[in-house]
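Asker: can't give you the sequence, but here's the structure:
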């Protein structure tokens, strides 16, 4: 019933549009295709082709728009960072870990998504937030870093990569763009409002309070590689045990001077059985 009424309303709207408006819209599209800037910003910022783009997006996506404005699309559930991702530094490099559950409200949409994305040989990104937003901005970041490398014959540093992503995300502050990325081998957190933080240990997502409890109690600089991997796996397991929006599997990456190494994906139920066995014996 909802789809049928939506189609009828769309048909009514299109019958009222004049030829002049359609013509003007076509001219704007042609200008957008050939121009290098978009309202003063570079085209890769992906802002809509008109002034005051941020209020426009906010009015049509936010529940807190002007009182006289009706939302064009009402989301069935709020966007949130329903996941558990973490990264920390130790003497052997950096460990990045994340669960693999994607949720849509109370629904487990996919049990086996990839929340850790390699950007190049020495940089991986963990993502938390809207899956579509995170994948889009990861692809944009990969493109910009590759273009920089081709133009300047050298690789963009980790700090510069985080600053670039922060500058690209800042124009979307106040909208419902929902992105949180952690970059390594330096552990740097970048949020969709443009915030950029660096630390030795960072965890993001709804399961992060539980992960921090494990990491704060067991993390030290002198950990061996296997001890660090075991600690990261334990932190994700404890978070998924208490957080309904995290679970299924754990992905682990180890980044050192030679580059990143991905560990085999492990089902968290195996960790649960090991935990139960150790408690009973």
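Answerer: Looks like it came in fine. All figures in this text were calculated on a predicted structure; none of them were measured in a lab. Numbers count the residues shown, from 1 in each chain.
Asker: The stretch 151-281 of the chain: helices as residue ranges?
Answerer: 158-169, 208-218, 225-242, 268-280 (DSSP state H, counting those that start in this stretch).
Asker: and the angle from the third one to helix 268-280?
Answerer: Orientation of helix 225-242 against helix 268-280 (axes from the mean of the first three to the mean of the last three CA atoms, to 10 degrees) gives an angle of 100 degrees.
Asker: Can you give the contact residues for helix 225-242?
Answerer: The contact list for helix 225-242 (CB atoms under 8 Å, 6 or more residues apart in numbering) reads 84, 86, 88, 90, 92-93, 95-99, 101, 203, 205, 207-208, 210-211, 213-215, 218-219, 223, 246-248, 250, 252, 254, 263, 266, 268, 271-272, 275. In this view, the C-beta of every residue, glycine as well, is placed from N, C-alpha and C.
Asker: Is there a quick ChimeraX command that grabs whichever of those residues are buried?
Answerer: Remark: buried members of those, expressed as a ChimeraX selection using 16 or more other CB atoms under 10 Å:
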select :84,86,88,90,92,93,95,96,97,98,99,101,203,205,207,208,210,211,214,215,219,223,246,247,248,250,252,254,268,271
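Asker: hey, which of the helices of the stretch 151-281 of the chain is tucked in deepest?
Answerer: The highest mean neighbour count among the helices of the stretch 151-281 of the chain belongs to helix 225-242 (a mean of 21), with neighbours defined as mean count of other CB atoms under 10 Å.
Asker: rewinding a little: what's the least confident stretch among the helices of the stretch 151-281 of the chain?
Answerer: Note on these: helix 268-280 shows the lowest mean pLDDT, a mean of 74.
Asker: elements contacting that helix?
Answerer: For helix 268-280, the helices and strands in contact under the criterion 3 or more CB pairs under 8 Å, 6 or more residues apart in numbering; DSSP states H and E are helix 225-242, strand 249-256.
Asker: what number of residues lie near residue 113?
Answerer: The number of residues packed around residue 113, counting by other CB atoms under 10 Å, is 19.
Asker: Same question for residue 149.
Answerer: Residue 149 - counted by other CB under 10 Å - has 13 other residues nearby.
Asker: same thing with residue 222?
Answerer: Close neighbours of residue 222, defined as other CB under 10 Å, add up to 8.
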